[in-house]
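Novice: here is a sequence with its predicted model. Questions after.
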Amino acid sequence: MGDNRVETGVDDLIRLLQDGEKHILEDVAKSLDISINTLQLWVDFLVEEKVVGIEYSFTKPSIYLIKQKKEDQNEDLNYFKEEFFKTCREKKIPEEQLDIYWRNHLKEILSQVKSSFVSKTQQRNIPDVELQWKKYIQKVMAT
(Lines give C-alpha, C1' and ligand atoms only; values in the text may rest on other atoms or scores of the structure.)
Protein backbone atom coordinates (compact mmCIF):
# COMPACT_ATOMS: atom_id res chain seq x y z
CA MET A 1 0.00 0.00 0.00
CA GLY A 2 1.23 3.52 -0.77
CA ASP A 3 2.09 6.28 1.63
CA ASN A 4 -1.18 8.05 2.47
CA ARG A 5 0.48 10.99 4.22
CA VAL A 6 -0.58 14.31 2.73
CA GLU A 7 1.96 17.07 2.42
CA THR A 8 1.49 20.76 1.75
CA GLY A 9 3.50 23.47 0.08
CA VAL A 10 4.85 24.37 3.52
CA ASP A 11 6.25 20.83 3.76
CA ASP A 12 7.97 21.43 0.40
CA LEU A 13 9.40 24.67 1.76
CA ILE A 14 10.77 22.97 4.88
CA ARG A 15 12.26 20.19 2.76
CA LEU A 16 13.96 22.76 0.53
CA LEU A 17 15.47 24.48 3.58
CA GLN A 18 16.78 21.28 5.14
CA ASP A 19 20.12 21.69 3.38
CA GLY A 20 21.07 24.17 6.12
CA GLU A 21 21.77 26.97 3.64
CA LYS A 22 20.23 30.43 3.46
CA HIS A 23 17.94 30.86 0.47
CA ILE A 24 16.84 34.11 -1.16
CA LEU A 25 13.09 34.48 -0.76
CA GLU A 26 12.50 35.31 -4.42
CA ASP A 27 14.44 32.21 -5.55
CA VAL A 28 12.45 30.00 -3.18
CA ALA A 29 9.16 31.31 -4.57
CA LYS A 30 10.31 30.48 -8.10
CA SER A 31 11.59 27.07 -7.05
CA LEU A 32 8.28 26.18 -5.36
CA ASP A 33 6.28 27.78 -8.20
CA ILE A 34 4.28 30.00 -5.85
CA SER A 35 3.79 33.74 -5.60
CA ILE A 36 6.12 35.78 -3.44
CA ASN A 37 3.06 36.93 -1.45
CA THR A 38 2.04 33.36 -0.62
CA LEU A 39 5.58 32.50 0.39
CA GLN A 40 5.77 35.61 2.54
CA LEU A 41 2.59 34.54 4.40
CA TRP A 42 4.11 31.12 5.09
CA VAL A 43 7.44 32.61 6.13
CA ASP A 44 5.82 35.17 8.44
CA PHE A 45 4.00 32.40 10.26
CA LEU A 46 7.05 30.11 10.38
CA VAL A 47 9.27 32.93 11.65
CA GLU A 48 6.71 33.71 14.37
CA GLU A 49 6.68 30.05 15.33
CA LYS A 50 10.51 29.91 15.30
CA VAL A 51 10.70 27.26 12.60
CA VAL A 52 12.32 29.51 10.00
CA GLY A 53 14.69 32.44 10.37
CA ILE A 54 14.95 35.43 8.07
CA GLU A 55 17.89 37.73 7.39
CA TYR A 56 18.09 40.81 5.23
CA SER A 57 21.14 41.47 3.08
CA PHE A 58 20.66 44.82 1.40
CA THR A 59 17.20 44.48 -0.15
CA LYS A 60 17.11 40.69 -0.54
CA PRO A 61 15.64 38.69 2.34
CA SER A 62 17.03 35.20 2.87
CA ILE A 63 15.38 32.42 4.85
CA TYR A 64 16.79 29.40 6.61
CA LEU A 65 15.54 26.53 8.71
CA ILE A 66 16.07 26.83 12.44
CA LYS A 67 17.52 23.53 13.65
CA GLN A 68 15.36 21.51 15.99
CA LYS A 69 15.99 18.34 17.91
CA LYS A 70 13.99 15.42 16.49
CA GLU A 71 12.12 14.76 19.73
CA ASP A 72 11.10 18.42 19.84
CA GLN A 73 9.54 18.23 16.38
CA ASN A 74 6.85 15.87 17.68
CA GLU A 75 5.81 18.46 20.25
CA ASP A 76 5.86 21.52 17.97
CA LEU A 77 2.15 22.22 18.00
CA ASN A 78 1.99 22.01 21.78
CA TYR A 79 5.01 24.29 22.00
CA PHE A 80 3.41 26.78 19.59
CA LYS A 81 0.22 26.68 21.61
CA GLU A 82 2.09 27.43 24.83
CA GLU A 83 3.94 30.30 23.15
CA PHE A 84 0.68 31.62 21.72
CA PHE A 85 -0.94 31.52 25.16
CA LYS A 86 2.10 33.24 26.67
CA THR A 87 1.82 36.05 24.12
CA CYS A 88 -1.92 36.38 24.77
CA ARG A 89 -1.29 36.61 28.51
CA GLU A 90 1.32 39.31 27.92
CA LYS A 91 -1.33 41.20 25.97
CA LYS A 92 -3.68 40.83 28.97
CA ILE A 93 -6.22 38.69 27.15
CA PRO A 94 -8.53 37.10 29.74
CA GLU A 95 -7.67 33.51 30.59
CA GLU A 96 -11.16 32.24 29.72
CA GLN A 97 -10.75 33.53 26.15
CA LEU A 98 -7.38 31.92 25.39
CA ASP A 99 -8.84 28.73 23.90
CA ILE A 100 -11.12 30.75 21.64
CA TYR A 101 -8.19 32.85 20.42
CA TRP A 102 -6.08 29.71 19.87
CA ARG A 103 -8.81 28.00 17.84
CA ASN A 104 -9.34 31.12 15.74
CA HIS A 105 -5.58 31.33 15.16
CA LEU A 106 -5.52 27.69 14.01
CA LYS A 107 -8.53 28.21 11.74
CA GLU A 108 -6.81 31.16 10.09
CA ILE A 109 -3.65 29.15 9.48
CA LEU A 110 -5.63 26.15 8.23
CA SER A 111 -7.53 28.33 5.77
CA GLN A 112 -4.18 29.49 4.36
CA VAL A 113 -2.89 25.95 3.78
CA LYS A 114 -6.07 24.24 2.57
CA SER A 115 -5.51 24.82 -1.13
CA SER A 116 -1.99 23.42 -0.88
CA PHE A 117 -3.28 20.44 1.12
CA VAL A 118 -5.97 19.72 -1.49
CA SER A 119 -3.50 20.07 -4.36
CA LYS A 120 -0.97 17.71 -2.76
CA THR A 121 -3.70 15.18 -1.93
CA GLN A 122 -4.89 15.19 -5.54
CA GLN A 123 -1.34 14.89 -6.89
CA ARG A 124 -0.85 11.75 -4.82
CA ASN A 125 -4.21 10.34 -5.94
CA ILE A 126 -5.43 10.00 -2.37
CA PRO A 127 -9.18 9.43 -2.43
CA ASP A 128 -11.79 11.59 -0.71
CA VAL A 129 -9.87 14.83 -0.31
CA GLU A 130 -12.55 16.43 1.85
CA LEU A 131 -12.52 13.50 4.29
CA GLN A 132 -8.71 13.73 4.51
CA TRP A 133 -8.97 17.48 5.13
CA LYS A 134 -11.55 16.95 7.89
CA LYS A 135 -9.29 14.36 9.56
CA TYR A 136 -6.37 16.75 9.34
CA ILE A 137 -8.40 19.58 10.88
CA GLN A 138 -9.60 17.30 13.69
CA LYS A 139 -6.04 16.27 14.47
CA VAL A 140 -4.80 19.86 14.54
CA MET A 141 -7.76 21.22 16.48
CA ALA A 142 -7.48 18.47 19.10
CA THR A 143 -4.47 20.23 20.60
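Specialist: It's in.
Novice: from here on, just use CA atoms for contacts and neighbour counts.
Specialist: Noted.
Novice: and the helix or strand that contains Ser111, what does it pack onto?
Specialist: Using DSSP states H and E, Ser111 falls within helix 98-123. Helices and strands touching helix 98-123, by 3 or more Cα pairs under 8 Å, 6 or more residues apart in numbering; DSSP states H and E, are helix 9-17, helix 76-90, helix 129-141.
Novice: check contacts around Val113.
Specialist: The contact partners of Val113, by Cα atoms under 8 Å, 6 or more residues apart in numbering, come to 8-10.
Novice: and the helices and strands packed on helix 98-123: which comes nearest Trp102?
Specialist: helix 76-90 (7.2 Å; Cα to Cα).
Novice: helices and strands around that closest one, which ones?
Specialist: helix 98-123.
Novice: any idea how far Arg124 is from Tyr79?
Specialist: 30 Å (Cα to Cα, to the nearest Å).
Novice: output the below-cut-off pLDDT ranges for the protein.
Specialist: 1-6, 68-76, 143 (pLDDT under 70).
Novice: repeat that for 80
Specialist: 1-7, 57-59, 67-79, 120, 123-124, 139-143 (pLDDT under 80).
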